[in-house]
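Asks: need coordinates for the below:
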Amino acid sequence: MKRNVSLDEISDGRLYGPEDMVRVGCDDCRGCSACCQNMGTSVILDPMDIFRLTKALDCDFQALLSDKVELNVVDGIILPNLKMSGVSGRCGFLSNEGRCTVHSARPGICRCFPLGRYYENGGFKYFLQIHECRKEQRSKVKVKKWLDIRDLNTYERYINDWHDYLMELEAEIEAGATDEAIKNISMAVLECIYMISYDTAEDFYPQFYQRLALCKNRLGAIAKKQP
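Replies: Modelled structure (predicted):
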């Protein structure tokens, strides 16, 4: 999701890498669940998020859509996001005690928070969102420890590849794609990347790149048929 703001407005002005220390430590939140409520449609789920959730919950993507996840348009493309419900707009995975019930499989955006990703020069770094977390006097934690992601280098390459592909599709839409072409893009992404069930007993990355190639081939074939 694109944000039309400058880093000076929302961050401490620094960019961080995995080995850097940053003030994100929240003492395990201590029951504060402010960042799990009233987030609207902002917690967008990438393919690995779906892989992790379906593995943790032993379900498929359609089951997630029936309850905890919904679809919305993000910069022209239909993508899944965590569903906030009720008067307080609570995440469906939030317990009555204000704790995440899928913490080990929490989405990438949740893992980052209050960090965000800043993409530039074919890659990305992290920035600290200074207005988002209510916890005062946060402690310093190494970025890679905060993210708690195995094989972070591979994960970051995947995140960058996924982001770059979405940017390609969004550029095509912004260049004046027809309504039919925009529909084809969204359906290809949903059906090829998200709806085909992942084998959660196998490694995620090869499966993702196979689906990414399938999506590109499908859209390429559609484009060739158009006059």
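Asks: and the nearest residue to K125 once chain neighbours are set aside, what is it in contact with?
Replies: In this structure, K125 finds its nearest non-sequential neighbour in L15, 4.1 Å apart by Cβ to Cβ, 6 or more residues apart in numbering. C-beta: built from backbone N, CA, C; applies to glycine. Listed by Cβ atoms under 8 Å, 6 or more residues apart in numbering, the contact partners of L15 are Y118, K125, Y126, F127.
Asks: any idea which of those is closest to L190?
Replies: Y118 (27.2 Å; Cβ to Cβ).
Asks: how about the closest one, secondary structure?
Replies: Judged by DSSP: H, G, I helix; E, B strand; the rest coil, the three-state class of Y118 is strand.
Asks: what sits up against the worst-scoring helix or strand of the chain on mean pLDDT?
Replies: Least confident helix or strand, the chain: helix 7-10 with a mean of 84, by mean pLDDT, DSSP states H and E. Applying Cβ under 8 Å, 6+ apart, the contact partners of helix 7-10 are R3, G13, G116, Y118, F127, Q129, I130, H131.
Asks: narrow the residues you listed to just the buried residues.
Replies: For the contacts of helix 7-10, a neighbour count by 16 or more other Cβ atoms under 10 Å gives the buried set as G116, F127, Q129.
Asks: kindly reformat those residues as a markdown table containing distance to A213 and pLDDT.
Replies: Below are these laid out as a markdown table (distance: Cβ to Cβ, whole Å; pLDDT from 0 to 100):
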| residue | distance to A213 | pLDDT |
| --- | --- | --- |
| G116 | 29 | 95 |
| F127 | 32 | 96 |
| Q129 | 34 | 93 |
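Asks: measure stretch 179-199 end to end?
Replies: The first residue of stretch 179-199 is 33 Å away from its last residue (Cα to Cα, to the nearest Å).
Asks: over to stretch 171-186?
Replies: One end of stretch 171-186 to the other measures 14 Å (Cα to Cα).
Asks: over to stretch 190-208?
Replies: So stretch 190-208: terminal residues 13 Å apart, Cα to Cα.
Asks: bridged to K140, which residues?
Replies: R23 (DSSP bridges).
Asks: gap between the helix or strand S186 falls within and the chain center?
Replies: Per DSSP states H and E, S186 falls inside helix 179-188. Chain-centre distance of helix 179-188: 21 Å, with Cα atoms, centre = their mean, to the nearest Å.
Asks: per-residue confidence at K68?
Replies: pLDDT for K68: 95.
Asks: what residues are up against the closest residue to it other than its chain neighbours?
Replies: Distance criterion Cβ to Cβ, 6+ apart; nearest residue to K68, sequence neighbours excluded, is G92 at 3.9 Å. G92 makes contacts with D67, K68, L82, K83, M84, S85, as judged by Cβ under 8 Å, 6+ apart.
Asks: let me see the backbone angles for the nearest residue to the fourth one once chain neighbours are set aside.
Replies: Closest residue in space to K83, ignoring its immediate chain neighbours: E70 at 4.4 Å, by Cβ to Cβ, 6+ apart. When quoted as degrees, to the nearest 10, the phi and psi of E70 stand at phi -140, psi 170.
Asks: how many neighbours does E70 have?
Replies: 15 (other Cβ atoms under 10 Å).
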